[in-house]
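Enquirer: Just to be clear, the model below is a prediction. Sequence and coordinates:
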Amino acid sequence: MTNTALREPTLADLLPISDSKDYWQRAACKGDPNHEAWFPYPSQDFDYARSICAGCPIRRECGDFAARTGQSGVWGGHEYDRGKLIRD
């Protein structure tokens, strides 16, 4: 029996699967362990997530993906609720 250590998941582990398995490899948020920052409550700001998104090479594609697939949370520097843009 193999003893495998449990590890804390990163944000990339929580991202949905896209058509390309390499899609998220360039994402600036890929290894971010601060999961809560990407799914803020309506009263919370999302400056932390927005600052990570600002320098992301796939920012536009990420936001498009969120809108197209009905995602919630911060995607591409904007906040979505089931694919609808709710905060810039």
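Expert: Nice, I can see it.
Enquirer: Poorly predicted segments of the protein, please.
Expert: 1-21, 23 (pLDDT under 70).
Enquirer: The closest residue to residue 79 other than its chain neighbours: what's it in contact with?
Expert: In this structure, residue 79 finds its nearest non-sequential neighbour in residue 87, 4.0 Å apart by C-beta to C-beta, 6 or more residues apart in numbering. Using the backbone N, CA and C atoms, a C-beta is placed for each residue, glycine as well. By C-beta atoms under 8 Å, 6 or more residues apart in numbering, the residues touching residue 87 are 46, 78-79.
Enquirer: So which residues of the protein form strands?
Expert: Assigned by DSSP state E, the chain shows strands spanning 73-75, 78-81, 84-87.
Enquirer: Which strands or helices does the shortest one pack on?
Expert: Secondary-structure packing of strand 73-75 (3 or more C-beta pairs under 8 Å, 6 or more residues apart in numbering; DSSP states H and E): helix 47-54, helix 59-69, strand 78-81.
Enquirer: so what strands line up beside that strand?
Expert: Sheet partners assigned to strand 73-75 using DSSP bridges are listed as strand 78-81 (antiparallel).
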